[in-house]
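Engineer: sequence and predicted structure below; questions after.
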Amino acid sequence: MNFSYNKHNGKYILGKTEYSQEEFITYIRAGLLLETLSNESSFDITASQNEEPDEDDSFIPKHEQTIYYGVPGCGKSNKIKNDLESVPESNKIRIVFHPEYTNADFVGQILPVTQGGIHYEFTAGPFSQILKKAYLNPKQNFYLVIEEINRGNAAAIFGDMFQLLDRLKKDEKIFKPGWSQYFVQNRDVNEYIRKVSVTDDGKYVDSQDDLQPAITIGNIAFDKDSAIRLPPNLSILATMNTSDQNVFTLDNAFQRRFDMQLVRNEFETIKNQDNKDVFATVDIQNQHNATISDTDVSWGKFWEWINGKITHLLKGLSSTEDKRLGVWFVCNENGVINTNTFADKVLKYLWDDAFKFMRSKIFAHNIDTLEDLVKKFKEAEKNDRFDVFVDHSELF
């Protein structure tokens, strides 16, 4: 008699009979397996004849947990976008934390459904959605991208899922490196993950109607009693502005579970064939050389000048470097930073935030309000627009 296990549908096959995990356990406990074996002259354990070889046995799952931080406009989101450019849209979910964002929004919640009457179902949030995709497709990498992670109460939003952020560094029983070191129990998420149908080739397809008693994730059987863990093919990437005010602080326990990577506030350069520094991309070069309105001043020149002022005049104050303008604080359109964009975004930021407590050190003495500042800049022409600053000779 042959005994086999089909890892795709989670069925145990004894002879010509298939058993679910629950049925097979009951079969063993009733002593029927021993009785069957005692009546057999030979017994072979083989792989299921329906089992197909893995699509990519060379696949090595990778995971990251990284928070990219830096001044506003330094290119944090763009870095993640570029790094994940080759990843299919279906393999990544991007969300934004904000003060009203909750654990129910993030993980999921019970909501009324009006189909054939009113009943209540678990509606998965982005965390559960990407988790399920990663579980069902262990030969692919998946990414959860969280923008502005400190603009919401991250500890409250993650809730008990925070426990999953510690990852294994080495094998532990059946779990390989990259799986969560600890687990949490969540019946709603568990059932949501097991709501799949099985195709003829043994693959899982998301389903709202079919609840499997067990599914197989690699070498792991996931049933109704299984706890939730992050798999090794799921990464969490986040961005954080270090200068934001009135936002939540990420405590050390939370930050410790992420790699922290500073995105430098600079126009990135590389060495060319002649070993000279050149801009890394055409977009960076165009941003640096873009002119501000109808003036002769480039954005790169102004960016360097005003950040020098911020660093010098605010020296000794807390978070001085975080007040600097990011390279991409405003973006050019066809090689120009238009008048309104510069006045209403850059000048407003400098007045309301960067130089809030020492405006007389940077702005002309005849400017008393933000309205004066914006009006004078917009009504002036060419290089006279920069007369709104006390000393701007270095710009020309």
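Structural biologist: Perfect, thanks for sending it. Keep in mind that this is a model prediction, so the values were computed, not measured.
Engineer: tell me how many other residues surround F175.
Structural biologist: 19 (other Cβ atoms under 10 Å). Where you see a C-beta, it was placed from the backbone N, CA and C, and this is true even at glycine.
Engineer: quick one: low-confidence ranges for the protein?
Structural biologist: The model of the chain has pLDDT under 70 over residues 1-3, 5-11, 16, 20-57, 243-246, 318-319.
Engineer: all helices for it, in order.
Structural biologist: In the chain, the helices defined using DSSP state H lie at 21-29, 32-38, 76-83, 103-106, 126-136, 154-158, 187-194, 252-256, 282-289, 299-313, 339-341, 348-349, 370-379.
Engineer: and the fourth one, what does it pack onto?
Structural biologist: In this structure, helix 103-106 packs against helix 154-158, with contacts taken as 3 or more Cβ pairs under 8 Å, 6 or more residues apart in numbering; DSSP states H and E.
Engineer: same for the helix it packs on, what does it pack against?
Structural biologist: helix 103-106.
Engineer: then the helix it packs on to PDB, C-alphas only?
Structural biologist: The C-alpha trace of helix 103-106 is given here as PDB (Å, rounded to 0.1, in the frame of the first residue of the first chain):
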ATOM      1  CA  ASN A 103      -5.400  48.900  13.500                       C
ATOM      2  CA  ALA A 104      -8.800  48.000  12.000                       C
ATOM      3  CA  ASP A 105      -7.800  49.900   8.800                       C
ATOM      4  CA  PHE A 106      -4.400  48.200   8.700                       C
END
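Engineer: contact partners of stretch 251-269?
Structural biologist: Residues outside stretch 251-269 that contact it (Cβ atoms under 8 Å, 6 or more residues apart in numbering): 64-71, 74-76, 79, 154-155, 162, 165-166, 236, 238, 277-281, 284, 287-288, 300, 307, 324, 326-327.
Engineer: and what of stretch 152-163?
Structural biologist: Contacts of stretch 152-163 with the rest of the structure, by Cβ under 8 Å, 6+ apart, involve 97-103, 105-107, 127, 165, 180, 182-184, 186, 228, 248, 250-251, 254, 257.
Engineer: what do you get if the cut-off is 6 Å, keeping everything else the same?
Structural biologist: By Cβ atoms under 6 Å, 6 or more residues apart in numbering, the surrounding residues in contact with stretch 152-163 are F97, H98, Y101, N103, F106, Y182, V184, F248, L250, F254.
Engineer: mind checking how far the third one is from Q285?
Structural biologist: Distance of Y101 to Q285, given as Cβ to Cβ, to the nearest Å: 37 Å.
Engineer: more neighbours: the two, which one.
Structural biologist: Applying other Cβ under 10 Å to Y101 and Q285 shows that Y101 carries more neighbours, namely 20 against 15.
Engineer: please spell out the ChimeraX selection for the buried subset of the contacts of stretch 251-269.
Structural biologist: For the buried members of the contacts of stretch 251-269, the matching ChimeraX selection, counting by 16 or more other Cβ atoms under 10 Å, is:
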select :65,66,67,68,69,70,71,74,75,76,79,154,162,165,236,238,279,284,287,288,300,307,324,326,327
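Engineer: and stretch 224-239, how far apart are its ends?
Structural biologist: Taking Cα to Cα, to the nearest Å, stretch 224-239 runs 35 Å from one end to the other.
Engineer: what number of residues lie near G218?
Structural biologist: Counted with other Cβ under 10 Å, residues neighbouring G218 total 19.
Engineer: cool, and the one 10 residues further on?
Structural biologist: Other residues near I228 come to 22 when the count uses other Cβ under 10 Å.
Engineer: who are the contact partners of it?
Structural biologist: Contacts of I228 by Cβ under 6 Å, 6+ apart are V184, N186, V189.
Engineer: kindly reformat the residues you listed as CSV containing neighbour count and distance to I13.
Structural biologist: Shown next, in CSV, are the contacts of I228 (neighbours: other Cβ atoms under 10 Å; distance: Cβ to Cβ, whole Å):
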residue, neighbour count, distance to I13
V184, 15, 33
N186, 19, 31
V189, 22, 30
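Engineer: start to end distance for stretch 364-371?
Structural biologist: End-to-end distance for stretch 364-371: 13 Å, by Cα to Cα.
Engineer: my bad, should have said stretch 158-175
Structural biologist: So stretch 158-175: terminal residues 23 Å apart, Cα to Cα.
Engineer: same question for stretch 330-349.
Structural biologist: First-to-last distance for stretch 330-349 - Cα to Cα - comes to 11 Å.
Engineer: ditto for stretch 127-145
Structural biologist: Span of stretch 127-145 from end to end, Cα to Cα: 10 Å.
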